[in-house]
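Enquirer: sequence and computational prediction follow.
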Amino acid sequence: MSGAPILELIGASRRVQGRDLVADVSLRLRPGEMLGVIGPNGSGKSTLLNMMAGLLPPTRGEVRLAGQSVTRLRRQQIAQRLALVSQAADTAERISVRDAVELGRTPWLGPLRPWGAKDDEAVQAALQAVGMERMAARDWSTLSGGERQRVHIARAHAQAPQLLLLDEPTNHLDIHHQLSILELVSQLPVTTVIALHDMHHALRCDRVMVMQSGRCVALGAPLDILTPALIREIFAVDARLIAHPAGGFPLFAFQRLA
Ligand SMILES: Nc1ncnc2c1ncn2[C@@H]1O[C@H](COP(=O)(O)OP(=O)(O)OP(=O)(O)O)[C@@H](O)[C@H]1O
């Protein structure tokens with residue numbers, strides 16, 4: 001359906017054993033935006049991303065991908081539109097870094113569409129984007145946690161999705177690679193949803209959605225949403241926003257409430 005947003009949630013809920021893990025989330029992504037999803041542990045961020053990816057069907061409401069209910073799309077159709085890098089992402093051992101990234105091209109291949117130069121280019125560009133081209137021949141099993149994380153992101157990049165879903169993509173990365181990945185993601189010509197714990201990273205998003213007990217309790221521009229009052233209420237900490245001394249993104253100073 002032309003003109004439909006790449007992703008729309010309409011009262012999307014997921015109830016398991018009588019408990020709403022995600023409750024009544026409505027959301028319409030804007031083209032090219034980077035949406036940060038934050039919230040305390042167990043607030044439903046991963047469940048929501050898995051629902052967006054069509055891996056967990058909503059028990060109420062709907063998730064629409066490019067205008068179509070995600071539950072009615074085939075896996076390959078979904079994979080041609082979105083890539084998910086989940087927290088628990090793993091890859092079979094005994095394959096090389098390049099092999100792992102090549103898996104990203106799978107949704108585009110078929111009996112009438114064999115591997116070609118375009119696929120090689122996509123894989124090379126993805127390896128370069130995350131700074132892993134020199135490790136392309138390395139065995140996956142020998143990589144560090146952060147290197148694996150970068151390869152997962154490269155695989156998602158090679159998939160050439162319109163929508164990229166990243167569940168805490170920076171949690172294994174050193175500070176240089178955290179900032180590189182966020183910058184890379186913000187520059188990609190895709191719409192991105194990124195579950196985060198670091199509020200400094202959330203400030204780099206176009207919009208932020210705050211979750212609490214499965215509900216979306218705030219959605220908007222980061223500085224409008226991440227106020228000391230909201231942070232105190234949701235995370236039970238005192239937060240002050242401080243200007244960056246060199247003009248960068250502002251900084252939070254946190255203190256546990258007494
Ligand atoms: N299959 C399941 N059955 C029962 N409860 C579940 C199931 N999957 C998740 N939960 C619960 O749902 C809640 C939301 O989990 P989810 O992983 O979505 O939270 P999260 O915000 O991503 O948490 P974190 O920040 O710790 O990664 C948690 O309380 C979790 O224990």
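Expert: Arrived safely.
Enquirer: for the residue nearest the centre of the chain, give its distance to the ligand.
Expert: Residue closest to the mean C-alpha point of the chain, counted by C-alpha atoms, centre = their mean, is Leu166 at 1.8 Å. Leu166 is 12 Å from the ligand, where distance means C-beta to the nearest ligand atom, to the nearest Å. Backbone N, C-alpha and C define where each C-beta goes, glycine included.
Enquirer: list the buried residues for the lowest-mean-pLDDT helix or strand in the chain?
Expert: Least confident helix or strand of the chain, by mean pLDDT, DSSP states H and E, is helix 175-187 with a mean of 87. Going by neighbour count (16 or more other C-beta atoms under 10 Å), the buried part of helix 175-187 is His177, Gln178, Ser180, Ile181, Leu182, Leu184, Val185.
Enquirer: out of everything not next to it in sequence, what's closest to the residue nearest to the centre of the chain?
Expert: Ile194 (4.5 Å; C-beta to C-beta, 6 or more residues apart in numbering).
Enquirer: and the pLDDT at the one you found?
Expert: pLDDT, Ile194: 97.
Enquirer: partners of it in the sheet?
Expert: Gly36, Leu166 (DSSP bridges).
Enquirer: Asp20 too?
Expert: Beta-bridge partners, per DSSP bridges, of Asp20: Arg15.
Enquirer: following element in sequence after the helix or strand where Asp120 lies, please.
Expert: When elements are assigned from DSSP states H and E, Asp120 belongs to helix 117-129. Going down the chain from helix 117-129, the next helix or strand is helix 145-158, by DSSP H and E.
Enquirer: what residues sit buried inside stretch 241-258?
Expert: So for stretch 241-258, counting by 16+ other C-beta under 10 Å, buried means Phe252.
Enquirer: any idea of the mean pLDDT in that stretch?
Expert: What stretch 241-258 shows for mean pLDDT is 89.
Enquirer: and what of stretch 147-163?
Expert: Stretch 147-163 comes out at a mean pLDDT of 92.
Enquirer: spell out which parts of the stretch 51-200 of the chain neighbour the ligand.
Expert: Taking C-beta under 6 Å from any ligand atom, no part of the stretch 51-200 of the chain reaches the ligand.
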